[in-house]
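**Q** Could you look at this predicted model? Sequence included:
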Amino acid sequence: MIKKKYPVIPRSASESISISISEIRFQQLFENSQDGILLLDAKTGKITHINPFLVKMLGYSRKEFLGNEPRDFGLFNELQISLDTFQESHKKKPTHIEDLPLKTKNGQLIHVRFASHTYRAGDETIIQCTFRDITEQKQLQAIQDAGYQIVMAAEITRSLNDLYPKIHQIISSVMPAENFFIVLYDEKRNKLTFPYFKDAQDEPYLGEIEPGKGLTAYVLRTGKSLLCTQTIHDKLERLGAVRLLGVPSAIWLGVPLTIEGKTFGAMVVQDYSDPKAYGKREQYVLEFVSSQVAVAISRKQVEDTLRESDQRLQNAERVTHLGSWQMDITTRKCIWSEEFFHICGFEPNAVEPSLETLLECIHPDDRDTFSQAIHQAIDENGKCHIEQRLVHLDGTIIWVDFIGQVVSDRGSAPAKLIGSFLDITIRKQAQALQDAVYQIAIATEMTKSLNDLFPRIHEIISSVMPAENFFIVLFDEQRNILTFPYFKDAKDEPYLGEIEPGKGLTAYVLRTGKSLLCTQAVHDELERQGAVKLLGVPSAIWLGVPLIIEGKPIGAMVVQHYMDPAAYSEREQHMLEYVSTQVAIAITRKQTEDKLKQLSTHDILTGLYTRGYFEEEMARLERSRQFPISVVMADVDHMKETNDREGHAAGDALLKRFAQVLTAAFRAEDVVARLGGDEFCILLPNTSEKAAEIVLNRVRILLQEHNSKQSGAELQVSLGVSTTVKFIPLKEVLKQADRNMYIEKKAHNKG
């Protein structure tokens, strides 16, 4: 008989399992749990039990904990309630769940998912507190939020001067950044400027300077981030790579700002007193947000340039027009300027300049709007101002800004409608690109997963260029594997599964890290050089751009056209390159979100579902009332002995091996979960008692096959199953499966 150490909840008389077995099971779960657990005496508020995982998590010894109150360790300070209020709240609400920060014994801040539950154990009232470490999830979430806030800052700020302080504020929310500056590099002129500089000790650089031997210039020169301690600085100085500029700092961290593979600036933080202020985590954070910062700055530079360009166009409009047109209102005779003939692609006097001819030049979708605008101006003896598309004789679409004015001739009745046409195609294209980038950022927020994001990216790309045939490929550098998660093509079949990069055009783009506009002539030359070979159906023209994060290609975007070799040009190449940065950020963010989602629903050790997800699915099945439903309970035998004899690593290996067996044994729709410790449970929807027994036999057969192939310790498990064909709470079905499992476990122990 095991000596009683842990309080247990007495079971009803109808339950056949003994109290001693419950104690053994509770002890095993308590000691082996991958969550921190402590038990409180609700009357005294003292800690009565604490498991090894919480001791390890918080850094205090078991002796320091036992007999003391949680508030002695600051465990509940963040709940902002006293222990008395804490105990009182449990009388009204037995279970409490909350995410909160905690400080370990050495002062490190961690984040936990805190859950407490009150229950009766004989004459005692026990409060069980569980702590799950979610620090990594919280950090990833904070970094994601920072990236999103930077994208949004580019939308709401008016200019670069407004954007820089916002970037500083956002970065300060995820890491120490009191001393922070942004430097921009003009490659053509080889000049540095410091448009934003906040530092407690150094003075800002004014005007322009040439790159020297400072740390910032080193980052720009190498295109790589640098976490520079005093030791690293001394080494770089000995090599002649850098020299000290300004006030020396205890630690310095700089990351490059890169667009389309080119470094155009850098972000820097530094600390003058604490050499441990920055580490690999802060370097990762700054590298992660640098892509969004680069896009935001690049976008704002384009907007500022457009704003200046618009002002110049408006000033020029006062003295001249790119094209003018006038019509006698009475006779409807028209006069076109020579410039207007060229805008439409006609030679002067090649066509009759009439209203009807003009309407034929206007894009079919815009004709009615334009016609209504000029007739309204005539009727009201006023003005009209409208943007519309003209179709050049060669089929090119030209955006024009039309301003029309009805004028009188020497005081007589209105006689003429005079109009001017300004070519605003470049501005419209730039706006369309900006809108596409913005829409991709919004799509990243609105879509639930990568599978939802890819079609939205395709739709957005199609709004700025022909993209009927479009695919995205992702590259796993560590495994040297390509996957094609999104593939829409009129002629080629999608690639399924994983493939190694070969000699195709896509692999060429990934290998070089550069975009490729591939005509037949370019393909023939690359093939002659042995750089590529034809894969799939040949296209008339092919365009691919790499998706780059932190200087490395994570994939590529490709469009191709099978009929028109002029479908893509340098213009489309530039457009796809421009949006590729935001697409890469969107994909990376969604991958991180999917990882976080996986962490929240899947057990880290085994990859199976967590207890929380299992309970959600159990509640969903109860609501659906689709019977029969079977529940399987499973427990790894001799787990404690394995841990004591060989260590927890060996025990973890057993759990992972059993998870592999369970994954192979059950269907995709079955919910296979690790409830904690060595305890597993499986929900089997639409599964009869007979079918469930067949499944259990399959598990036993797979277990035998697994053990026959293993050279290590034999994996032994106990299994129990229960089935319901009518509405009975599934928790009761689970309890029965648990009892059946312990009957088998007792038989194993006797054997």
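**A** The structure has been received and is ready for your questions.

**Q** Check which helices and strands the host helix or strand of N707 is in contact with.
**A** Using DSSP states H and E, N707 sits in helix 689-709. Contacts defined by 3 or more CB pairs under 8 Å, 6 or more residues apart in numbering; DSSP states H and E place helix 689-709 against strand 629-636, helix 648-665, strand 679-685, strand 717-724. No exception for glycine: its C-beta is placed from N, CA and C like everyone else's.

**Q** so which of the ones you listed comes closest to H117?
**A** Among the helices and strands packed on helix 689-709, the nearest to H117 by CB to CB is strand 679-685 (17.4 Å).

**Q** Mind putting the helices and strands packed on helix 689-709 into TSV with mean pLDDT, mean neighbour count and distance to D366?
**A** Shown next, in TSV, are the helices and strands packed on helix 689-709 (pLDDT from 0 to 100; neighbours: other CB atoms under 10 Å; distance: least, CB to CB, whole Å):
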stretch	mean pLDDT	mean neighbour count	distance to D366
strand 629-636	94	25	61
helix 648-665	90	17	58
strand 679-685	94	23	56
strand 717-724	94	21	66
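
**Q** can I get those in JSON lines with distance to E64?
**A** Shown next, in JSON lines, are the helices and strands packed on helix 689-709 (distance: least, CB to CB, whole Å):
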{"stretch": "strand 629-636", "distance to E64": "32"}
{"stretch": "helix 648-665", "distance to E64": "22"}
{"stretch": "strand 679-685", "distance to E64": "29"}
{"stretch": "strand 717-724", "distance to E64": "37"}
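
**Q** out of the ones you listed, which comes closest to Q431?
**A** Closest among those, using CB to CB: helix 648-665, at 50.6 Å.

**Q** Tell me the first helix or strand C-terminal of the closest one.
**A** strand 671-676.

**Q** List the strands paired with the helix or strand containing L39, with their directions.
**A** Per DSSP H and E: L39 is located in strand 36-41. Paired neighbours of strand 36-41 in the sheet (DSSP bridges): strand 47-50 (antiparallel), strand 124-133 (antiparallel).

**Q** Output that strand as CSV, restricted to C-alpha atoms.
**A** Extracted in CSV, the C-alpha atoms of strand 36-41 (Å, rounded to 0.1, in the frame of the first residue of the first chain):
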residue,chain,number,x,y,z
GLY,A,36,3.7,23.3,-12.9
ILE,A,37,1.2,22.4,-10.1
LEU,A,38,0.9,23.4,-6.5
LEU,A,39,-1.8,22.6,-3.9
LEU,A,40,-3.1,25.0,-1.3
ASP,A,41,-4.9,24.4,1.9
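
**Q** Run the angle between it and strand 671-676 for me.
**A** 60 degrees (axes from the mean of the first three to the mean of the last three CA atoms, to 10 degrees).

**Q** From the rest of the structure, what touches strand 36-41?
**A** For strand 36-41, contacts defined as CB atoms under 8 Å, 6 or more residues apart in numbering pick out 6-7, 30, 46-51, 53-54, 57-58, 65, 70, 112, 124-133.

**Q** what mean pLDDT does it have?
**A** Averaging pLDDT along strand 36-41 yields 86.

**Q** How about stretch 461-468?
**A** For stretch 461-468, the per-residue pLDDT averages 91.

**Q** May I see the buried residues of that stretch?
**A** 461, 464-467 (16 or more other CB atoms under 10 Å).

**Q** before we move on, which element is Y148 in?
**A** Here Y148 is assigned to helix 135-156, by DSSP H and E.

**Q** Give the next helix or strand downstream of that helix.
**A** helix 160-172.

**Q** So which elements touch whichever helix or strand comes after that next one?
**A** As assigned by DSSP H and E, the chain's next helix or strand after helix 160-172 is strand 179-186. Secondary-structure packing of strand 179-186 (3+ CB pairs under 8 Å, 6+ apart): helix 160-172, strand 191-198, helix 215-222, strand 262-271.
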